[in-house]
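this one's structure only:
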């Protein structure tokens, strides 16, 4: 990843330097675990200025489903190969927050499992100013990458559900399903039940978005082939085709079962369902499902005003 820093003011002027001088900082600008350009708290979103209404993309899913890895991969693609998405990365007020997630993605990519998950009190809001493939028509995207631990809490607590305003007011809601949990015979039924309970809690508390574009990502698709080969091996390390067929049938059945559970609660168009590998960004071998999903999420939104009862993103906007 390039270390180039792009400094773009939101009025459209651009300055680019490869070795920028370090910004002057003061002790008062730091809090414990927080640095300049880190992710924001939800209450700080009104500090983001934009000439047009930003698009709020909220990532939704239980712990270890890959939300943080997904955000890290998004940022890596925006910096390294934005042409794959036909966009241009222009600026971000949360570069440090993105970089932390890139670091976690790299740990995952290198097979290091002892990586810290996003903590309950971690700042969850990231933003990126993105132009078209020619760097024109900038638009701000705001991402909510809330801790999966919060969603685990929400399975049992209505109070936690009601705090998730980034879900209710999302312009685009991306629901993650952990394929690894679906393939695990001991975890599958509980995971399916938790997914249903979580979504039903949000629905019964009127905390699901009304007009959002809803997407569903079956993440960690790369583990399917590995598990398939393992299930089909005989004691002599040969491949038993009947065992292979049985595994594929079981996997497709479980995927369809979870998909129907989710669709029974929230409407998701078939074209918004993706099988992805969130860490699949190896150059010239990028995961197609991931690239297609990212392109959909960064597609320019329909321009509709925010609810009058909600002023979270609206506060400092000019339009």
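In hand now; what should we look at? Computed from a prediction, not measured in an experiment: that's the story for all the values here.

distance from the chain centre to stretch 240-251, please.
How far stretch 240-251 lies from its chain's middle: 31 Å, per CA atoms, centre = their mean, to the nearest Å.

pLDDT averaged over it, what's the number?
Across stretch 240-251, the average pLDDT comes to 92.

which residues sit against that stretch?
Residues outside stretch 240-251 that contact it (CB atoms under 8 Å, 6 or more residues apart in numbering) are 182, 183, 224, 227, 228, 231, 232, 233, 234. C-betas here are computed from N, CA, C, even on glycine.

go again with 7 Å.
The contact list for stretch 240-251, computed with CB atoms under 7 Å, 6 or more residues apart in numbering, reads 183, 224, 228, 231, 232, 234.

which residue sits closest to the fifth one, ignoring its sequence neighbours?
Nearest residue to residue 232, sequence neighbours excluded (CB to CB, 6 or more residues apart in numbering): residue 244, at 3.8 Å.

repeat that for the third one.
Using CB to CB, 6+ apart and skipping residues adjacent in sequence, the residue nearest residue 228 is residue 247, 5.1 Å away.

isn't there a strand covering the one you found?
No. In this structure, residue 247 is helix, not part of a strand, as judged by DSSP: H, G, I helix; E, B strand; the rest coil.

tally of neighbours for it?
The local packing of residue 247 (other CB atoms under 10 Å) involves 19 other residues.

also residue 279?
So residue 279, with other CB under 10 Å, has 24 neighbours.

Three-state assignment for it, please.
Classification of residue 279 using three-state DSSP returns coil.

quick one, phi/psi of residue 284?
Per-residue torsions, residue 284: phi 70, psi 0 (degrees, to the nearest 10).

now it: how far from residue 75?
The gap separating residue 284 from residue 75 is 19 Å, by CB to CB, to the nearest Å.

and the two? Which one has more around it.
Neighbours of residue 284 and residue 75, each counted by other CB under 10 Å, are more numerous for residue 75; the result is 24 against 5.

that one is in contact with residue 102, isn't it?
Yes. If you go by CB atoms under 7 Å, residue 75 and residue 102 touch, sitting 5.7 Å apart.

those helices in the stretch 101-250 of the chain, which residues are they?
Along the stretch 101-250 of the chain, counting by DSSP state H, counting those that start in this stretch, helices occupy 148-154, 158-162, 165-168, 179-183, 188-204, 222-232, 241-263.

need these in TSV (columns: distance to residue 63).
Below are the helices of the stretch 101-250 of the chain laid out as TSV (distance: least, CB to CB, whole Å):
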stretch	distance to residue 63
helix 148-154	3
helix 158-162	14
helix 165-168	16
helix 179-183	10
helix 188-204	10
helix 222-232	17
helix 241-263	17
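
in this protein, which helix or strand is least confident?
Scoring the helices and strands of the chain by mean pLDDT, DSSP states H and E places strand 5-8 at the bottom, with a mean of 34.

so the residue nearest to residue 148 when sequence neighbours are not counted is in which element?
Closest residue to residue 148 apart from its sequence neighbours, by CB to CB, 6+ apart: residue 63 at 3.3 Å. Element membership for residue 63, per DSSP states H and E: none, as it lies in no helix or strand.

give me the pLDDT for residue 63.
What the model reports as pLDDT for residue 63 is 84.

wait, it touches residue 152, no?
Yes. At 5.7 Å, residue 63 counts as touching residue 152 under the criterion of CB under 7 Å.
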